[in-house]
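> just the structure for this:
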Amino acid sequence: MKERRKNSPVRRILAWVIAAAVAVSILTIPQTESYAAGGKVTKVAVSNLPAKQLTLKKGKTFTLKPKVTVTGKISKKVTYKTSNKKVVAVNAKGKITAKKKGTAKIYVISKADKKKKCTITVTVGTPVTKVKLNKTKSTMTVGKKQTLKATVTPKKASSRAVVWKSSNTKIATVSSKGIVKAKKAGMVTITAIAKDGSGKKATCKITVKKKTVKPANDPTPVTPTPTEPVVINSLTILGNADIQVVLSAEQALSASDFTVSSKVNGYGNYVRKCVLDSVTTTDQITYRIHLNRQDVLFNSNMVQVSVPKLKTSKEAVYRKAADEITTGEVKIFAKGDGFNTKKDITYYKPNISGLAVFTVGELPPGVSYKEVQKGSASNYLEFTGVFTASGIYTTKIDVVDELGNKIHHTVTWKVWDAQTIVAEDIIQYGYLQNPDAAAGKPDGAYTSKSDAQILPRGGSSTYTYEVVSKADCMELTPDGFYAYGTIDTRQAGTYTMKVKITDKKNSAIFTYCTVTFVIEKGIRVKGTFVDLDGHKIKNTVSDTFCCYIKSKWMDRAYSIDLRKEIGKYNSSTGTVYFDVPEGNYDIRVVNKTGGVEKYLENYTVSTSTSNNYQIVLPLYQITVASDNTALSASSFGEWEETDGTLRGKGEYLYLPVGNYTLTGIAEKNGVTYQATLQISVTDTTRSATVTAHVVAK
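Model prediction:
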């Protein structure tokens, strides 16, 4: 329950000034909050670092330049936060100051949406002073490859990794390991930039020449034996990251044999190639393709799957079932107020696909609307006019978009003046939760504690509050200009309190409002997460493996969006527990170091099912040992590739198919040791245990 502060005349006056100036309500019922309807923060990044890391000497400073990507009208402002102010400090303008040797994280957080943030790892140590390449000039032929090698000075730099860039990827591309591939004739510059943010770099200018065409021999043609070609018989999109391909006959294929492309416009070209996390089959006829997290599909995306060596392809459209939802909002105005086009309260902008048809019911006296089309892809409503009468009015708006999605929206207008008080009827949703669930304990007391703010308008702006009726588990707490309705219960149900609000200066002016809490039963959901060999995922480093669960429904005054680390507690290795209400959810598992995501779409949670699910990640568990008996594998911190990619921490790693050279650093008795791992992982051959070779640096 919120702490109540003592009332004061200054605070009452300040509250009235804020209320009269803003003239908008703090909404609890509505699904669509008016002040957030105009835009959305999609990404927070930093533009003046080549990667999300920075190395500074003690006492040195660096100022971050944030880049916030948004849609619509919304603030691009950010705040900054440090994970350890004793190591690294950051001020409100993004200026970082290195305090003492160590590592800390700087969080760049959107003010408009605190879930959107960028994390920079800052090391107070030795930055790079010079980057040198093995070549400064080179000549290549189209189709050929060469590897550039970067040398970083000093050798004891805290981060020796570099980021590779090509000045023209149409002429030549460069991989994260410095492998340059010539694409077409021309001049191109390849740059190696120190990944630690020091700004040090080196370049190599490459001239790409055309291929020399050799005359083809004319051998005696051989008539091939005619065979029935193997083609894709069917293509089914199972979810936003899962695709099923069925061939006409048995054919051994691997992930590299498939090409998956997607596009938004039906008349457009397939220019985006999707990254595949895994391809599996049990009979070499039906193949299951799982897309990487960066290439998940959105509603109405078109997908093309090709097998180039079989010269076969097929297309499909990803379609979700149309939604029908009910939403609502309250808009509060003073009599005589008009609409300000700079405020979101002036508009109704639903979340629609394409253009929509609006059916608008009766509006308050003096108010009208017009339909506004933004470009060719969306439209919305803009309200105009002046409120000519006080009172409470209801407008129903029905919306149907191009994909058949339907929205039934209600706007409750509350118009006040000196002789009329208005207050919002509040409906707040909640559910019973087990406070021990985070620790994976199966039993415990399920409770729900919450409060709702009552915010009247009109009259003299000073009020008294009186409970007319209420449930036993509810209380009313006046707090100066405002009041709070609170609940503390262990039982699911609907609880209501009716409150009379009276003008302190004129008892003949009053109104009533109700505060309703709808509390649902919390249901325990257990998720188990394993690798391809069935090993339960262990917690090897904070935030390595995380599980997210998000509600599908949108017709309530709240939604469920939760996150937990997998295996955070020893008693819950490979498992995560959530307490959520009955309903349908999207579940997402993320392996942040391995760049792997898995999805479980539209999972149903109910009292009639077991509510236990398992997700298999396309990874294999590798157990790490040390050849130095004085230093265990867990002594070497995070295991890092040569390009700076982190692959985990401690004695257990979870890796996708591939070849890896990983290093870790440890210190003991003033001596620095480096451990090196050579790991090869395939679908058929992989090492269950790998020994790290440890040497003193």
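> name the next helix or strand following the longest strand belonging to the chain along the chain.
Counting residues, the longest strand in the chain under DSSP state E turns out to be strand 506-520. On the C-terminal side of strand 506-520, the closest following helix or strand by DSSP states H and E is strand 523-530.
> what helices and strands are in contact with that following strand?
Using 3 or more C-beta pairs under 8 Å, 6 or more residues apart in numbering; DSSP states H and E as the contact test, the elements touching strand 523-530 are strand 545-551, strand 575-580, strand 583-591, strand 612-616. Any C-beta I mention is one placed from the backbone N, CA and C, and that applies to glycine too.
> so where is the stretch 451-600 of the chain shaky, pLDDT-wise?
Counting by pLDDT under 70, the ranges of the stretch 451-600 of the chain that qualify are 539-543, 552-558, 567-572, 592-595.
> any stretches of the stretch 51-200 of the chain with poor pLDDT?
For the stretch 51-200 of the chain (pLDDT under 70), the answer is none.
> pairing partners for the longest strand of the chain, with directions?
strand 426-431 (parallel), strand 493-503 (antiparallel) (DSSP bridges).
> and among those, the most buried is which?
Stretch with highest mean neighbour count among the strands paired with strand 506-520: strand 426-431 (a mean of 20; mean count of other C-beta atoms under 10 Å).
> give the rounded mean pLDDT of that strand.
Averaged over strand 426-431, pLDDT sits at 87.
> now do the contacts for Gln678.
Tyr660, Thr661, Val690 (C-beta atoms under 8 Å, 6 or more residues apart in numbering).
> report the buried members of these.
Tyr660, Val690 (16 or more other C-beta atoms under 10 Å).
> which stretches of this structure form helices?
Secondary structure of the chain (DSSP state H): helices at 9-22.
> can you spell out the domain ranges of it, please?
1-37+321-417, 40-124, 130-209, 232-317, 424-510, 523-616, 620-696 (automatic domain parsing).
> which among those is found nearest to Phe517?
domain 424-510 (4.7 Å; C-beta to C-beta).
> ok now the closest one, how far from the chain's centre?
Averaging C-alpha positions (C-alpha atoms, centre = their mean, to the nearest Å) puts domain 424-510 32 Å from its chain's average.
> ok, which stretches of the stretch 251-400 of the chain are strands?
259-263, 272-273, 276-281, 286-291, 302-307, 312-317, 324-334, 347-348, 356-360, 367-374, 378-385, 391-401 (DSSP state E, counting those that start in this stretch).
> which one of the contacts of Gln678 sits closest to Gln428?
Of the contacts of Gln678, the one sitting nearest to Gln428 (C-beta to C-beta) turns out to be Tyr660, at 50.4 Å.
> tell me the confidence at that closest one?
The score at Tyr660 is 90. That number is its pLDDT.
> quick revisit: export the helices and strands packed on strand 523-530 to JSON lines and tack on distance to Gly534?
Shown next, in JSON lines, are the helices and strands packed on strand 523-530 (distance: least, C-beta to C-beta, whole Å):
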{"stretch": "strand 545-551", "distance to Gly534": "16"}
{"stretch": "strand 575-580", "distance to Gly534": "14"}
{"stretch": "strand 583-591", "distance to Gly534": "16"}
{"stretch": "strand 612-616", "distance to Gly534": "8"}
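> looking at those strands, which is nearest to Ala45?
strand 583-591 (18.6 Å).
> buried residues in the closest one, which are they?
So, applying 16+ other C-beta under 10 Å, buried residues of strand 583-591: Gly583, Tyr585, Asp586, Ile587, Arg588, Val589, Val590, Asn591.
> tell me how far Tyr548 lies from Phe578.
Distance check for Tyr548 against Phe578: by C-beta to C-beta, to the nearest Å, it reads 10 Å.
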